[in-house]
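>>> Only the shape, not the letters, is given here:
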C-alpha cells in the first residue's frame, strides 16, 4: 500500500504494473492516488482514510472480483454515499454493466484506457463526490433540508417497493402514496431551488411517465408535452431524444389511430428505479 | 464461405478467452504508459515518432483482439 497525505483516489488492481501506469497517467493530470493490490488491502485503506472520494477498480481480481469488492464497499461504507465507484474492464458485457449500475458506479471504462478519458472520468467523479459532501454538510437544520429528508425517506420506501414488486403488480396496485411521491420530489426541488433551476423537460416527462405507470394510466404525446412544463416544440424534441435513447416508446392507441401514447420502456423503468435508489442513498436520513 | 482460423471453434475454450483478455490487459498497460510518455514536451523528434508508432501498433492490436472476440461470438471473461 502506498499512503500519502492528500490523495482522494484509490486505485485497485492485482497487477502492480497497471497500478503504476494508471497512477502515472493520473499524476500527469494533477490527480494524486493511493493504490491497493487486492480488495482486502483496499478495504483496509478505506477504513483508515475517510478522505478517499473515488475508488477505481479492475473487475477481475483473484481473491474478490471488482463487482463483489465494490458491493462490499457500498455495504461497509453506506455512511459515505459520496464515494464514487469506477470499474475498468477488458470488454463490456450486459451482466457487468447492469451490476455496475446497481452499485451506482460513476463510470465503466473499457481497456485499453487512454490518459485523457481516464483523467476525465476520475475528475468528474471527484467533482461529484465533492458536490455530495457539500450538500450533506451544509444547512441540514433548515426547513428545506428537513423537507428534503422527508422526501428522501419516502423515496427510499418507494425504491424498496419497486425492488420487491414486479412492475406489472406495481402498476396494477395504484397505491395512492406511491402515486404522489414523485410529485413530492418535484415539489421539494422547486421549494429548495425556486427559480434558480428551470424545468428540465426530459426529466419532467420521465417523472410523469413513471407516475402514470404506477397509476396504470396511459399518457398521450399531447399530455406528455404539457407535463414537460416547456414549449411544445421543445417537449417534442426531448421526446425524440428519449425515444433515441431507448428510455421511452411510442404505442399507438388501438381505438383511435390518430392518437399515440408514450410509455417507459423496461430500460426506462429500470433507470428510474435506479435513480430513486441512488437518490435515497445520497440524502441523509433524520438525525 | 468464411474460412475458419485453425484452432478457433464456435464455442471457445474459456482458457482462450482468458488468455486473450490477459493480452488485452498487457496492451492496456502499454497504451497507458506510452500515451502518458507522449504528453511530455521534452521528447526529441525521433523518440516521439517511435513512441507514436508503438502506440498506434498497440491500439491496432487491441482493435484486432476485439475483432477476434466478436468472431468467437462469446464475451471474454469479465476482467
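Okay, I see it. The model shown is predicted, which means the values in this text are computed figures rather than measured ones.
>>> which residues of chain B score low on pLDDT?
Of all residues in chain B, those with pLDDT under 70 make up the ranges B:1-12, B:74-79.
>>> Tell me the confidence at residue A:35?
Note on residue A:35: pLDDT of 97.
>>> quick check, it in a strand?
Yes: counting by DSSP: H, G, I helix; E, B strand; the rest coil, residue A:35 is part of a strand.
>>> burial count for it?
23 (other CB atoms under 10 Å in any protein chain shown). Any C-beta I mention is one placed from the backbone N, CA and C, and that applies to glycine too.
>>> Check residue A:270 too.
17.
>>> In the stretch 101-250 of chain A, mark out all the strands, start to finish.
A:107-110, A:219-220, A:248-252 (DSSP state E, counting those that start in this stretch).
>>> What of chain B?
Assigned strands in chain B: none (criterion: DSSP state E).
>>> For it, which helix extends over the most residues?
Longest helix in chain B by number of residues (criterion: DSSP state H): helix B:45-72.
>>> In contact with residue A:58, which residues?
A:12, A:13, A:14, A:15, A:18, A:66, A:87, A:88, A:89, B:79 (CB atoms under 8 Å, 6 or more residues apart in numbering or on different chains).
>>> Dump these to TSV, plus neighbour count.
Conversion of the contacts of residue A:58 to TSV gives the following (neighbours: other CB atoms under 10 Å in any protein chain shown):
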residue	neighbour count
A:12	28
A:13	26
A:14	16
A:15	17
A:18	24
A:66	29
A:87	26
A:88	27
A:89	27
B:79	22
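>>> Farthest-apart pair in those, please.
Using CB to CB, these span at most 15.4 Å, a distance reached by A:15 and A:87.
>>> Just checking, which helix or strand of chain A averages the lowest pLDDT?
None of the helices or strands of chain A scores lower by mean pLDDT, DSSP states H and E than helix A:167-173, at a mean of 44.
>>> what about stretch A:247-266, start to end distance?
Start and end residues of stretch A:247-266 are separated by 8 Å (CA to CA, to the nearest Å).
>>> what's the average pLDDT for that stretch?
Stretch A:247-266 comes out with an average pLDDT of 87.
>>> Kindly provide the distance from the residue of chain B positioned farthest from its centre to residue A:74.
No residue in chain B sits farther from the centre than residue B:42, which is 27.8 Å out by CA atoms, centre = their mean. Going from residue B:42 to residue A:74 by CB to CB, to the nearest Å gives 43 Å.
>>> ditto for residue A:227
Relative to residue A:74, residue A:227 is positioned 33 Å away (CB to CB).
>>> Could you do residue A:259 as well?
Using CB to CB, residue A:259 is found at 44 Å from residue A:74.
>>> Looking at those two, which is more packed in?
Between residue A:259 and residue A:74, residue A:74 has the larger neighbour count (other CB under 10 Å), namely 18 against 14.
>>> Surely the more buried one is in contact with residue A:103?
Yes: the criterion here is CB atoms under 8 Å, and residue A:74 meets it with residue A:103 at 5.8 Å.
>>> Touching both of the two, which residues are there?
Residues touching both residue A:74 and residue A:103 (CB under 8 Å, 6+ apart) are residue A:85.
>>> name the helices or strands packed onto the longest helix of chain B?
helix B:14-37 (3 or more CB pairs under 8 Å, 6 or more residues apart in numbering or on different chains; DSSP states H and E).
>>> Let me know whether residue A:113 touches residue B:33 as I believe.
No: counting by CB under 8 Å, residue A:113 stays clear of residue B:33, with 11.7 Å between them.
>>> so where do the helices sit in chain A?
For chain A, the helices defined by DSSP H cover A:16-27, A:39-48, A:66-76, A:94-102, A:115-137, A:143-164, A:167-173, A:176-193, A:201-215, A:221-227, A:232-244, A:266-282.
>>> What residues does the stretch 1-150 of chain A have near chain B?
Contacts of the stretch 1-150 of chain A with chain B, taken as CB under 8 Å from any CB of the partner chain, map to A:15, A:17-18, A:21-22, A:24-25, A:28, A:58-60, A:65, A:67, A:89-91, A:93, A:95-96, A:111-115, A:118.
>>> quick one: low-confidence parts of the stretch 101-250 of chain A?
A:136-199.
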